[in-house]
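> Below are the sequence and a predicted model for it; my questions follow.
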Amino acid sequence: QNKISHEPNLASLAPSLKAEATVDIWAFGKLMYEVFAGESLFMIFLEEVQNRNASECILAWSDAHLREVSIKLLEDRIGSSGVDLVLGCLSPKRSTRTKSMVDILHHPFWRDEKAFRLR
């Protein structure tokens, strides 16, 4: 079964999620997590509460969820530079989140030959 099919309803996004670069960065981090982990980022929430929609999950995002992301990626043998890239994008505080796609493109992950620890 495709793990990403458990995605909560994405039809309604909260008005408090203004279109800005930090939201796009968060979305990129979500995508990278899903590529690395092979499951929806929202699976973390589905274990807590079954009836949350996407906007509720995003608005409830916290440092505790970020720790769960870190643990999952390390368990999946993603190297520290990959984990750092994702965590920087998914920071719950906009002020500490990666600022731009330029910053993402300059992240050491893209040059790290050991980004995926296959052994």
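Good, I have the coordinates. Residues are numbered from 1 along each chain as shown.

> where does the chain have its least confident helix or strand?
Ranked by mean pLDDT, DSSP states H and E, the helix or strand of the chain with the weakest confidence is helix 43-48, at a mean of 68.

> mean confidence score for the very next helix or strand once past it?
For helix 43-48, the following helix or strand on the C-terminal side (DSSP states H and E) is helix 54-59. Mean pLDDT, computed over helix 54-59, is 76.

> any idea how far helix 54-59 is from the chain center?
Put simply, helix 54-59 sits 13 Å off its chain's centre (CA atoms, centre = their mean, to the nearest Å).

> neighbouring contacts of the helix or strand that that helix is followed by?
Per DSSP H and E, helix 54-59 leads on to helix 63-75 as the next helix or strand towards the C-terminus. With contact meaning CB atoms under 8 Å, 6 or more residues apart in numbering, helix 63-75 is reached by 33, 36-37, 41, 44-45, 82-83, 86-87, 90-92. C-beta: built from backbone N, CA, C; applies to glycine.

> Checking the closest residue to Arg94 other than its chain neighbours next. Helix, strand or coil?
Computed as CB to CB, 6 or more residues apart in numbering, the closest residue to Arg94 that is not its neighbour in sequence is Thr22, at 4.4 Å. In three-state terms, and counting by DSSP: H, G, I helix; E, B strand; the rest coil, Thr22 is helix.

> Can you verify my assumption that Thr22 contacts Lys93?
No: using CB atoms under 8 Å, Thr22 is not in contact with Lys93, being 9.5 Å away.

> quick one, which of those two is more surrounded?
With neighbours defined as other CB atoms under 10 Å, Thr22 and Lys93 compare such that Thr22 has more, 17 against 10.

> measure that one to Phe109 for me?
Distance of Thr22 to Phe109, computed by CB to CB, to the nearest Å: 19 Å.

> And Asp24, by the same measure?
Distance from Asp24 to Phe109, by CB to CB: 18 Å.
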